[in-house]
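A.B. asks: Here's a sequence, model it:
(one chain, ligands or ions: 1)
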Amino acid sequence: MIKISIDLGTCFYLSISILILILWIFWERKKTTNKITENNLWQCPICFFEYIDSRSKEISKCPRCKTLFKKSEKW
Ligand SMILES: [Zn+2]
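C.D. replies: Numbering: from 1, shown residues only. Sure, this is the predicted structure:
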């Protein structure tokens, strides 16, 4: 077995932990931004209210004026 000092071992262990944490944060942030911009952001064609609706895919209901509209009608 390779002999390493406690200092070096601790430093190596901490570096790996921090690296994994940073990668995880970046991955989560990328996932959320994609989710919002591509699928969940809606703009009402009647009152131009912008909101996030993760449940609907084609037809959504505006929370402000209660109008039902299709995704294709998005302006
Ligand atoms: Zn509306």
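A.B. asks: can we go C-alpha only for contacts and neighbour counts from here?
C.D. replies: OK.
A.B. asks: any weak-confidence spans in the protein?
C.D. replies: For the chain, the stretches with pLDDT under 70 are 32-39, 72-75.
A.B. asks: go again using 50 as the cut-off
C.D. replies: Scanning the chain for pLDDT under 50 picks out 73-75.
A.B. asks: which bits of it sit near the ion?
C.D. replies: In this structure, the chain approaches the ion at residues Cys44, Cys47, Cys62, Cys65, judged by Cα under 5 Å from the ion.
A.B. asks: Whichever of those end up buried, select them in PyMOL.
C.D. replies: Entered in PyMOL, the line below selects the buried ones among those, by 16 or more other Cα atoms under 10 Å:
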select buried, resi 44+62
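A.B. asks: Throw the residues of the chain next to the ion into TSV and include secondary structure, thanks.
C.D. replies: Shown next, in TSV, are the residues of the chain next to the ion (DSSP: H, G, I helix; E, B strand; the rest coil):
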residue	secondary structure
Cys44	coil
Cys47	coil
Cys62	coil
Cys65	coil
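A.B. asks: how about the residues of the chain next to the ion in CSV, adding distance to Ser15?
C.D. replies: Below are the residues of the chain next to the ion laid out as CSV (distance: Cα to Cα, whole Å):
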residue, distance to Ser15
Cys44, 47
Cys47, 51
Cys62, 47
Cys65, 52
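A.B. asks: all helices in the protein, in order from the N-terminus.
C.D. replies: 6-35 (DSSP state H).
A.B. asks: Burial check on Arg64, number of neighbours?
C.D. replies: Arg64: 13 surrounding residues under other Cα atoms under 10 Å.
A.B. asks: got the contact list for Leu68?
C.D. replies: Residues in contact with Leu68 (Cα atoms under 8 Å, 6 or more residues apart in numbering) are Ile59, Ser60, Lys61, Cys62.
A.B. asks: and which of those residues is nearest to the ion?
C.D. replies: If you rank the contacts of Leu68 by distance to the ion using Cα to the ion, Cys62 comes first, at 4.6 Å.
A.B. asks: Can you give me the distance of that closest one to Gln43?
C.D. replies: 8 Å (Cα to Cα, to the nearest Å).
A.B. asks: again, but for Gly9
C.D. replies: Noted for Gly9: a distance of 53 Å to Gln43, by Cα to Cα.
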